[in-house]
Every structure is written in C-alpha cells, then in structure tokens.
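Chemist: Fold the following.
(2 chains)
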Amino acid sequence: MIPNDVRMTPELVAEHGLKQDEYDRILKLIGREPSLTELGIFSAMWNEHCSYKSSKVHLRTLPTKGPRVIQGPGENAGVIDIGDGLACVFKMESHNHPSYIEPYQGAATGVGGILRDVFTMGARPIACLNALSFGAPSHPKTRHLVSGVVAGIGGYGNSFGVPTVGGSVRFHSRYDGNCLVNAMAVGIARKDQIFYAAASGVGMPIVYLGSKTGRDGIHGASMASAEFGEDSEGKRPTVQVGDPFSEKLLLEACLEIMQKGCVIAIQDMGAAGLTCSAVEMGAKGDLGVTLDLDKVPCREEGMSAYEMMLSESQERMLMVLKPEKEKEAEAIFRKWGLDFAVVGETTPSKRFIVRHGGDVMADLPIKELGDQAPEYKRPFVNAAKPEAVDAESVVAPVDAIEALERLLASPDLCSKRWVWEQYDHVILGNTVQRPGGDAAVVRIENGPKGLALTTDVTPRYCEADAFEGGKQAVVECWRNLTAVGATPLAITDNLNFGNPERPEIMGQFVGCIRGIAEACKALEFPVVSGNVSLYNETNGRAILPTPSIGGVGLIEDFSKSATLAFKRPGETIILIGETTGWLGQSTYLRELCGREEGAPPPVDLTEERENGDFVRSLILDGTATAAHDLSDGGLLVALAEMAVASGIGARLDAAPSDIPAHAHWFGEDQARYLVTVPTDKVSAVLARAKAANVPVWAIGTTGGDTLTLAGERPILVTILRERLESWLPAYMAGEL
Amino acid sequence: MKAAVLVFPGINRERDMARTLRLISGRDPALVWHAEKELPAGTDLVVIPGGFSYGDYLRCGAIAARSPIMDAVRAYAGKGGLVLGVCNGFQILCEAGLLPGVLMRNENLRFICRDVYLRVERSDTPFTRGYNAGQVVRVPVAHGEGNYIADGETIARLEGEGRVLFRYCSPDGMIDPNWNHNGAINAIAGILNEHGNVLGMMPHPENHVEAAIGPTDGRGLFAGLAEALERAA
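Modeler: Below you'll find the model as predicted:
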C-alpha cells in the first residue's frame, strides 16, 4: 500500500502545473488517487519542457534523416557520421528562465546540461557555442543579465575545459522580461562507441554516478514550463547551482568506464533529474525500473522521496551497468572522487517503482509515464503577412558612410569581442577559426578534417513572417558554414516561443517549423536534435519568435577554410547573389529610420543552393582568398567587417542607378556573399558563375587604408574598427 | 626529453601540453596522477599544465599545492630539476612555495582569453634559449586570475636578479599599461626561482606551436628546452 499522507486537491494539482483534464487522465491511468510523490513524478514527466506535449505533433514534420544521420532527435543528442570511423554528437538546449532569474548559475548550468547530453553518448566535447538574446540595452536589467550570463557561460566552459568558439548576441525590447540563453555543445565519438539511453536486460543494476543529490532545482522543469509574472524573483530557489569541476571529473570517469565496456545504457540527469532519467531508460528499453531511494547519495539529511525524485542537482548520471563490471566501474569513479551507488535494477514488469524508508512511494506504468503524456493539437492562427516596404519610399536620413558608422556601432551589429574574450576559445589547441567570423572552424583530432560550427536566427524576420523567418534561420546557418568552405551536414534547433495556449503564438511556432522543414529538405540539411522552450513571456508579453539554429559542417582539409579578412591589396571584390535593395525588416530601417516594418526578405532555396555551392567551390579550389556571408546590415556592413578584420581598405564602384543607393548598400537580400579573388582570375570566375547560373558582379578592389565609395567621403578602416569595437565595452562599463 | 605532466583533478590543459611536448620532442610525456608519490624514474622535465585544479574553489592552486606528488616535485626541484608551470601551474607553484608572489584576479575582474605579446627578457636560460633577448612573441592567455603581485622587496629581488623572464608588452615590445591585460606588477608574465630551474608563466605557449592552427611563437620555449635537455643528456 502506498502511503498517502497528503490529500489531493485541485490547488495541489494546479501547483504542479497539471490541468484538471490531465489529472483526470492520471486517475484513469492508475485507477486510484496518486501519492504526492507520484503526482510530482507526473508533473515532472508531463510538463511542457519534458513532454513536448504542445510541439510534438509539429516536430514530427521536420526532416530528420539523411545518409550521414546515425541518430536523429529523441536521444540525448544527435549523431552524424563524419567519416574515418568518427561521429559528431551535438545538440543545443535552452536555459532561459533560470538565466533570467539567476544569470550566472542559470547560464552555467545550461552549459553543464548540454555538455552532459553530449558526453553521455560517449563523445568527448570539443566545442561549445551559444545564442543569446537580451532585452533592450536601455532596460535596467539588461546589463546585469549580459554580465551574469556571459560570466556563467565562461565560468562553466572554461573550467570544464572546452573551447567556446562561437555564438550570437542580440538585443531587443521584446526580451526585456525573458532573456534567452541557448547553449550548444559538440563532441566527437568513435562511431562504434556511441551510448544510448535504452536499458536492456532484466535484473541489471542501475547505478547512480556523479555528485550528490540536494534540494536544489526542485520543480525546475515545471518552472521552465510556465510564464513569468511579477513574482519571478521568488523562483530563485528552483535554479540549480553548477559545479564544472565535478562535471570535468564526471566526463573523464564516464569516458573511462565506457571505454572499459562497463555500460549497457546511460542517461544524464537533467530536467526532472532522477525521475526523467530512470523513466526514459526503462521506457525506451521496454523494461520496468525499481529504485531504492535509501541508496541515493544525498547532500542533505531527511530528504523525502518527493524531493529526491524532483531534485535537479547537477553533474549526475544514471547508468545501467554490466553486472560483472561493477567493481571495475566503481574503482574508476572512486579514483575520480565521485559517488557511485547501485540504486536499483531493471525489471520485466514495465512498472516504475520507487521505494523509500521501507515503503513503496510510487508504483506507476513506465511506458505511459513517458509515451502517454498528453499531446495537444493546439489551435493556431497565422498572422497576416505584412506588405513589402517599397525602398523608394524610404528616405535616407544620412549619407551612406554615416549610416555605416551608426550600423557598425549598433548593439546587434557591433563586435561581440567583450563577450567572447571571456570564453576560453583556444583550449584543446584545435581552434582554427576563432569567434568573430561567419563560422568557427575546429580541427578534428589531428586533422586534416575540420568542423565548421555556427548558431543563427533573425527573430524580427520570424515575427514578421514566421514561415520565411524559419526558412531564413536555416539558410543563414547554411550560408555561414558555406562561407568558410564547409559542406553543411546537419542542424540542431532550439525553438524559443511564447505561450502555446495562445493561437497567435502557436501560429508563429507552426509557421517557423514549416519554414525550417522546407529549408532543411531543400538543402538536405536534416535536424538531428533540438529543444523546445515555450512560455517565454512575462506578464502576457511574448518574446520575438526565436528558433535558434545550430549548424555543423564538414571541411575535408581545414587548412583550406576561408576567413572573411581581405588578404592583400589589389584583389577584386566580387558580389555573389541578386541585390534588389530589400529594406523591409532590415537593420537599416530599424536603426536609421526607427521603423520595424514590412515583409522580411524572401528566401529562394534554389538560389541559396546554387550560390552557396558556387562560393564553396571557389573557396576549396583556392580561387577565393576571402569570403563572407551577407546578412544583417547588408553589403556595406559586410564589406566593412572584411576591411576591419584585415586592416586593408577597399574602393567600390558606385551603386547601380536602378535602386536607391541606401537600399543597395544596406538591403538584406538573401543568398548573397562577398568574395575576393586575385585580379587575374576574375574573368574565369565570371565565366564559371555564368555557367553555374549564379549572378555575380565585380564591385571593387581591395587596398589602401580607407573604405571609399564612389561619390562618398572616404572613411579610414581604423575608424570603422573603432565604431565596431567600442559600443559593447562602453555599454558594459556603464558609459552609455 | 623525458617529461612528466602532472594531472590534478580539474586540470584541463594536460592534453594540449602533452600534444605539444610530443610534437616538439617526438616523445610522449608521462601523465602523472596527483595521488602518486614519486615522479617516473629519469624524469628531466616536470610540467604543471593549466586548468582549474579542484575547481579553483579555494585560492587558485592552493589545494593542488598540497597534493602528494608535490613533495616529489619539491625534492626534484631542490636537486635542480627543471619545472615549468603554466597558468594554473604557475598558481600552483606559487602556492607550493616554489615561486614567490601570488596571482590575483585580473584588474578588470573578468576572465580574459586573447592573444597577447610577451617580451622575452633573457635568452640565457633553459626555458628561453630558443628565443633572442628582447624578442617579442605572440601567445594566448586564458585566465581570470593572472595579476601577479609580490611585496616590494621580492619584486626588487626578482628584477635585480634578472628573474623576470617574460613581460606583457605592445606588438613592438614596449611596456605599456594598455597591453598589460591583467594589471600584473611590472607587466610580469613569467618568473624564475632563484636557482633558475623553475619557471611559472600565465600565457599558454603550448597553444601556439602549429602553423596549421595559427601563430607558432610558442615553439621556441619547448624547442629550446628539448635542446637544453639533449645537451645535458
């Protein structure tokens, strides 16, 4: 008989984030009133964060297969084949609500969680990235959040010992009450040494590994599945505390026992800790699990079954062990100073049974806990598509050079050096391209292969047109990988949205997914892992729809990768892709004209592919000496970035007369790149482009110490650098 | 070269260091666990690599400095054996009493990872014989607590005895507060003990040794050491 000292009331059920109909479903499923521990277990498994109940039906439409895909979504991380018997394991995950409440620990444990997801599968992490969205710079909390989040990401990754090689940082008032912290980790494993969560074999010992269990993070996943109100500060105790030192030990110990062949199945304890990991291992393996909580290593005395099952203490793992290897595995964990305790076993019953202090505290059907979580087809409405902005109607408030200076110094476009210098990006000695370029490039083991890595999304495009915005997020990621010479292989998506119970938010979600799916299909760029973060709103105000896309590309010889810096004076600058002067939703329109309007630039997937494949071929055969993707800020911003990265100036031809000059320089048409080529190769490049059906124009020449546009005042590259580099340090120092 | 690279829990640049030693000397170093009481027989170079030993939750390096292996290192250094401590390794050497002074938090209170320029002050040591005196080298730093300080008397001794081996400087070798990222006194980046056989330094020469990855200015330190050891052997 399960002791049940606490009476179930509608209030108690609601406090656990469960709706009445969900509670009725529980009653029907188990045929009796649940105990408090059981209610806690259900709330942990059936919240949005763990169950994907609002998103599942749509996530199924994403393309997840491909010749290189070894493991798609549904495991701790996605796995792709990168040849030579090696696999790349990667995933991105959000830690938004915890980071808003307690920025340092929230961000730190976000990094810790995603690293565990990767090394749980047997991979040694080789790189981290992130995608950060903060409120308006003028909002009183923004500086505090930037400072804490960046320090937290650095604090964890630096100590753990993985280079943080790339990412993105943006600011917008729609994130004032709800910042986004999306962390991505990438690891390398041997293809024949990948570890999964599904348990197998009856009577196998279940082992608890890592740090002790405390009372931290209880209900973290439920907190992440609700909107914020005025009382969000009161939720600080639900944020976990990270310990990168223990995680580094856990990494080494886990990889050691995996190598020694001790592991049948392994799952990290992330959201909803012991509950989620034990249920997943059993449910995926069609087995029951019995846990004896008296054996769980605890940091505090007198913890109840309820607390232990819901604790989100960090740096813990659950493993199904080969019984004959118990002594060997335990010795390895003791050597690293970590806890190792057999806390249960697999059973044939398909029941999830939790014992504590001589009582059975929970006895639940394990498959239903996981698989029969509620699933919703929530109603959605598609927002009306905005009209395109006619570039002719946008009056340029200042000349092109002043506009460039202001754009370079704007919060979204300025250099993020202040951020990435707080991340160790050189540890492990494999970082070929450091932060600040289109994509980071890291060497794989001893080379010559390299991986290109990036995170991208343009939330204002998604807000204006979810479908086009979803497509654009994928193609920008694809372009950034291409611009360093890599072949894009696969993505992880981290979908951040508001409250899915509101049809207009659900409409954004559905639209973005459709866009992502279409782009991924057309580019053969499958989704292999991901995470959904809903309820990102405060007092009824939702964030901009932000489907962050983390991309992985492969380059056969990393020494051939391209950087965006001009290489020498006297080379020809070639623009690839059609320029129509698309100002709708552009950074120019927002920063210079104060308007966030219009349709975002449309994405033509055929053009993207043709133009990108062309650029990649120019890079890999050594024709292109520099390459850069065009995105926020358009052509002139990209040119300025290439000049600043090299210290070499450029002289550019006049803007064509058929579109307004400011639309030409700052429009955000898609599928575009800039490359430089030695002058004697220009005619050959133009001929190749014609044959490949790719529109190209020679638009200028590198050289000198200024950026000079025909008909405009020249500007020194050193001044451009000053504009690009000054804003963020000055802002963070409180000088702005 | 028979190098021993010490591994304390939380050290995380031991792989970088081992790879570099192998690359330069053609020989794998021994990775020596902190709980060992002795160094491998024949060790001719002890390297304490970077990282966050014991999480740096106490003073950086304080716990590692009291590990069993450190008694062996003290004995080895006392007999004139060569010891190189990089980053956390420098902090550990200071905490172990093998080098004077202490590393405080960076002046701006933030972790800093970037390439810096170092002026090599002397070339007549086993650690710097691969460089010329006055040469400027570019190497990365990655630390939150690299701001070297000691009492005035100690600094005067270090300077007077020529024991400051590396200083942060501008690309053309000038000592300039703008190029001293962590605020270290006299722009000190690396110092020797009084017998000249123990070097502690904050920057990471081991991360700048391969042309395919980036600058190679770190090679000189390891190549010089390998040569010195070969001569001695």
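Chemist: near chain A, which residues of chain B show up?
Modeler: B:9-10, B:12-13, B:15-16, B:19-20, B:51-52, B:54-57, B:110-114, B:140, B:142, B:144, B:204, B:206-207, B:209-210, B:212-214 (Cβ under 8 Å from any Cβ of the partner chain). Quick note: C-beta positions are derived from backbone N, CA and C, even for glycine.
Chemist: hmm, try it at 6 Å
Modeler: Proximity of chain B to chain A (Cβ under 6 Å from any Cβ of the partner chain) is limited to residues B:9-10, B:12, B:16, B:52, B:55, B:110-114, B:140, B:142, B:207, B:212-213.
Chemist: Inside helices: which ones of these?
Modeler: B:Asp16 (DSSP state H).
Chemist: Can you say which of the residues of chain B next to chain A are buried?
Modeler: B:9-10, B:12, B:16, B:52, B:55, B:110-113, B:140, B:142, B:207, B:213 (16 or more other Cβ atoms under 10 Å in any protein chain shown).
Chemist: ranges for the helices of chain B?
Modeler: With DSSP H as the criterion, chain B has helices at B:14-25, B:68-78, B:88-95, B:152-160, B:219-232.
Chemist: among the ones you listed, which is the most enclosed?
Modeler: Highest mean neighbour count of the helices of chain B: helix B:88-95, a mean of 28 (counted as mean count of other Cβ atoms under 10 Å in any protein chain shown).
Chemist: burial count for residue 3?
Modeler: Reading this off chain A. The number of residues packed near A:Pro3 is 14, by other Cβ atoms under 10 Å in any protein chain shown.
Chemist: switch to chain B, that's the one I care about
Modeler: By other Cβ under 10 Å, neighbour count at B:Ala3 equals 28.
Chemist: dump the residue contacts of the closest residue to it other than its chain neighbours.
Modeler: Leaving aside its sequence neighbours, B:Ala3 sits nearest to B:Pro29 (Cβ to Cβ, 6 or more residues apart in numbering or on different chains; 3.8 Å). By Cβ atoms under 6 Å, 6 or more residues apart in numbering or on different chains, the contact set of B:Pro29 is B:3, B:5, B:18, B:21.
Chemist: how near is B:Pro29 to chain A?
Modeler: For B:Pro29, the distance to chain A equals 15 Å [Cβ to the nearest Cβ, to the nearest Å].
Chemist: I'd assumed A:Leu404 was in a strand, is it?
Modeler: No: secondary structure of A:Leu404 (DSSP: H, G, I helix; E, B strand; the rest coil): helix, not part of a strand.
Chemist: Could you point out which residue ranges in the stretch 101-250 of chain A have low pLDDT?
Modeler: A:219-226, A:228-238 (pLDDT under 70).
Chemist: quick one: the strands in it?
Modeler: Secondary structure of the stretch 101-250 of chain A (DSSP state E, counting those that start in this stretch): strands located at A:124-134, A:164-171, A:180-190, A:205-210.
Chemist: deepest of those, which one?
Modeler: strand A:180-190 (a mean of 27).
Chemist: Between the two ends of stretch B:73-91, how far is it?
Modeler: End-to-end distance of stretch B:73-91 (Cα to Cα, to the nearest Å): 15 Å.
Chemist: pLDDT averaged over it - what is it?
Modeler: Across stretch B:73-91, pLDDT averages out at 98.
Chemist: Could you give the average pLDDT over whichever strand or helix holds A:Glu38?
Modeler: In the assignment (DSSP states H and E), A:Glu38 maps to helix A:36-46. If you average the pLDDT over helix A:36-46, you get 92.
Chemist: ok, the contacts of B:Pro29 vs chain A, which is closest?
Modeler: Chain A has its nearest neighbour among the contacts of B:Pro29 in B:Ala18, at 10.3 Å by Cβ to the nearest Cβ.
Chemist: Of the contacts of B:Pro29, just say which sits nearest to A:Ala638.
Modeler: Set against A:Ala638, the nearest of the contacts of B:Pro29 by Cβ to Cβ is B:Ala18 (40.6 Å).
Chemist: How about the residues of the stretch 201-350 of chain A by chain B?
Modeler: So the stretch 201-350 of chain A meets chain B at A:245, A:248-249 (Cβ under 6 Å from any Cβ).
Chemist: let's see it at 8 Å
Modeler: Near chain B, when you scan the stretch 201-350 of chain A using Cβ under 8 Å from any Cβ, you find A:243-246, A:248-249, A:336-337.
Chemist: circling back to that earlier point, and the contacts of B:Pro29, which two are the farthest apart?
Modeler: Most distant of these, by Cβ to Cβ, are B:Ala3 and B:Ala18, 8.4 Å apart.
Chemist: those strands in chain B, which residues are they?
Modeler: Remark: strands assigned in chain B by DSSP state E are B:3-7, B:30-33, B:45-48, B:82-86, B:102-104, B:112-120, B:136-143, B:147-149, B:164-169, B:188-192, B:198-201.
Chemist: Let's have these in CSV, adding distance to A:Met45.
Modeler: Formatted as CSV, the strands of chain B follow (distance: least, Cβ to Cβ, whole Å):
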stretch, distance to A:Met45
strand B:3-7, 40
strand B:30-33, 41
strand B:45-48, 47
strand B:82-86, 47
strand B:102-104, 47
strand B:112-120, 40
strand B:136-143, 41
strand B:147-149, 49
strand B:164-169, 54
strand B:188-192, 53
strand B:198-201, 52
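Chemist: Indicate which one of the ones you listed is closest to A:Leu495.
Modeler: Using Cβ to Cβ, the nearest of those to A:Leu495 is strand B:112-120, at 30.5 Å.
Chemist: Packing partners of that closest one?
Modeler: strand B:136-143, strand B:164-169, strand B:188-192 (3 or more Cβ pairs under 8 Å, 6 or more residues apart in numbering or on different chains; DSSP states H and E).
Chemist: ok, the residue in the stretch 251-400 of chain A positioned nearest to chain B - contacts?
Modeler: Nearest residue of the stretch 251-400 of chain A to chain B: A:Gly337, at 6.4 Å (Cβ to the nearest Cβ). Counting by Cβ atoms under 8 Å, 6 or more residues apart in numbering or on different chains, A:Gly337 touches A:249, B:9.
Chemist: Next, it: phi, psi?
Modeler: phi 70, psi 30 (degrees, to the nearest 10).
Chemist: So for it, what's the pLDDT?
Modeler: Confidence at A:Gly337, expressed as pLDDT, is 91.
Chemist: Show me which of the residues of the stretch 201-350 of chain A next to chain B is closest to chain B.
Modeler: The closest of those, once distances to chain B are taken by Cβ to the nearest Cβ, is A:Phe245, at 3.0 Å.
Chemist: Against which helices or strands is the helix or strand following the helix holding A:Glu38 packed?
Modeler: Per DSSP H and E, the first helix or strand lying C-terminal to helix A:36-46 is helix A:48-51. Judged by 3+ Cβ pairs under 8 Å, 6+ apart, the packing partners of helix A:48-51 are helix A:220-223.
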